[in-house]
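Student: with the sequence up front, the predicted model follows.
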Amino acid sequence: MEGFRHCAVITGASSGIGREFALQLSERDCFVIISGRNVQALEELRSEIGEDRCEIIPAELSNTRSCIDLYASAKKYDPDILINNAGFGLYGEFTETSLSKELEMIDVNIKAMHVLFKLYLKDFVKKDKGRILNVSSVAGFMPGPLMAAYYASKSYVLRLSQGIQTELVKSGSKVRVSVLCPGPVDTEFNKRAGIEGFFKGIGAFECVDYTIDKLFKGKGLIIPSLKIRLIALGAKLAPAVVAAEGSYYVQRGKKRLEEDV
Ligand SMILES: NC(=O)c1ccc[n+]([C@@H]2O[C@H](COP(=O)([O-])OP(=O)(O)OC[C@H]3O[C@@H](n4cnc5c(N)ncnc54)[C@H](OP(=O)(O)O)[C@@H]3O)[C@@H](O)[C@H]2O)c1
């Protein structure tokens, strides 16, 4: 994008972490392309950022065709950063959660993330320039009883990103892929998942502020907050059954918001 140092495509920019990425990247000489379904929220964000610094491309990412359309519509801006952030969680016993909601979650958290990751990485590798940030979670390090499909989806994001990081290094590419694994962040996430949080989260500003420098430096794994880095380390070292006990304890402590379930 002419006149700007970078151009970033940000999914899930209508709220929470994605919204904060749009605000903070635009302050770093970045033209931002913001995506989501809530067009009113995207328009408000665009007014806040400045109409000449931001473009809106709405997309329903549970639909693969829309992911490809988003990529195609953003192409003329020649993006060099992808913030692959859209996602949501679902709470409950596996035998009780809605299958259709779970499949939608898999479509957004895994399929859309995968499609956009691949399309952008191919372009970036060709230009030998670019940064991709895939948003996983500390949940990606462990089994997650009571949110099992969500945890598993974030494990896919983490492992796919780590595998591709090595491919890029081995091929001598200058492109870098980072994976963000936050613990609780104070956003709409819990409400959408139909729960009230157990731990107090960090703010979205703090999460993104911590992440952006590391993203530009090409750091592979980004975990904001020391406490969550220790939890991730514990989960890596502990047998899966022990890690599952720990996450069961955390998930069981969450309160279900009946009206959203
Ligand atoms: N908050 C946390 O505690 C936490 C912790 C670890 C990881 N994460 C991850 O961080 C990412 C961002 O979540 P958040 O905390 O910022 O939650 P959020 O405030 O609920 O934001 C989620 C974003 O994803 C978008 N989205 C959801 N479904 C979509 C769909 N079908 N099509 C297009 N966009 C869709 C939403 O946009 P629309 O509503 O406009 O569709 C929204 O902008 C997620 O991947 C989440 O798993 C969050």
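Tutor: Yep, that arrived. Predicted model only: the values in this text are computed from it and were never measured.

Student: can you classify the residue nearest to Gly3 when sequence neighbours are not counted as helix, strand or coil?
Tutor: The spatial neighbour of Gly3 that comes closest, neighbours along the chain excluded (CB to CB, 6 or more residues apart in numbering), is Phe31 at 7.9 Å. Every C-beta, even on glycine, is put in place using the N, C-alpha and C of the backbone. Recorded secondary structure, Phe31: strand (DSSP: H, G, I helix; E, B strand; the rest coil).

Student: with Ile132 instead?
Tutor: strand.

Student: quick check: it touching Tyr120?
Tutor: Yes - with the criterion set as CB atoms under 8 Å, Ile132 and Tyr120 qualify as a contacting pair; they are 6.1 Å apart.

Student: okay, and the common contacts of these two?
Tutor: With contacts taken as CB atoms under 8 Å, 6 or more residues apart in numbering, Ile132 and Tyr120 have Leu82 as neighbours in common.

Student: which other residues reach stretch 89-108?
Tutor: Outside stretch 89-108, the residues within contact range by CB under 8 Å, 6+ apart are 61-64, 86-88, 146-150, 153, 189, 192-195, 251, 254, 256, 261.

Student: now, of those residues, which are buried?
Tutor: Buried subset of the contacts of stretch 89-108 (neighbour count, 16 or more other CB atoms under 10 Å): 61-62, 86-88, 146-150, 153, 189, 192-195, 251, 254.

Student: out of those residues, which are inside strands?
Tutor: Using DSSP state E, the members of the buried ones among the contacts of stretch 89-108 that fall within strands are Ile195.

Student: which of the buried ones among the contacts of stretch 89-108 are close to the ligand?
Tutor: Restricting these to those adjacent to the ligand (criterion: CB under 6 Å from any ligand atom) gives Leu61, Ser62, Ala86, Gly87, Phe88, Phe189, Arg192.

Student: contact residues of the stretch 51-200 of the chain facing the ligand?
Tutor: 59-62, 85-88, 108, 135, 137, 182, 184-185, 187-189, 192.

Student: return the subset of those residues lying in helices.
Tutor: Among those, the members falling in helices are Phe189, Arg192 (criterion: DSSP state H).

Student: Ser225: neighbour count?
Tutor: Other residues within reach of Ser225 by the criterion other CB atoms under 10 Å amount to 18.

Student: my guess is it meets Ile202, correct?
Tutor: Yes - under the criterion of CB under 8 Å, Ser225 makes contact with Ile202 at 5.8 Å.

Student: overlap in contacts, those two.
Tutor: Taking CB under 8 Å, 6+ apart as the contact rule, Ser225 and Ile202 both touch Pro182, Gly183.

Student: which residues touch Ile33?
Tutor: For Ile33, the contacting residues are Cys7, Ala8, Val9, Ile10, Cys54, Glu55, Ile56, Ile57, Ala74, Tyr77, Pro79, taking CB under 8 Å, 6+ apart as the criterion.

Student: ok, the fifth one - contacts?
Tutor: When the contact criterion is CB under 8 Å, 6+ apart, the partners of Cys54 are Ala22, Ser26, Phe31, Val32, Ile33, Ile34, Leu45, Arg46.

Student: of those residues, just say which sits nearest to the ligand.
Tutor: Among the contacts of Cys54, Ile34 lies closest to the ligand (CB to the nearest ligand atom), at 9.1 Å.
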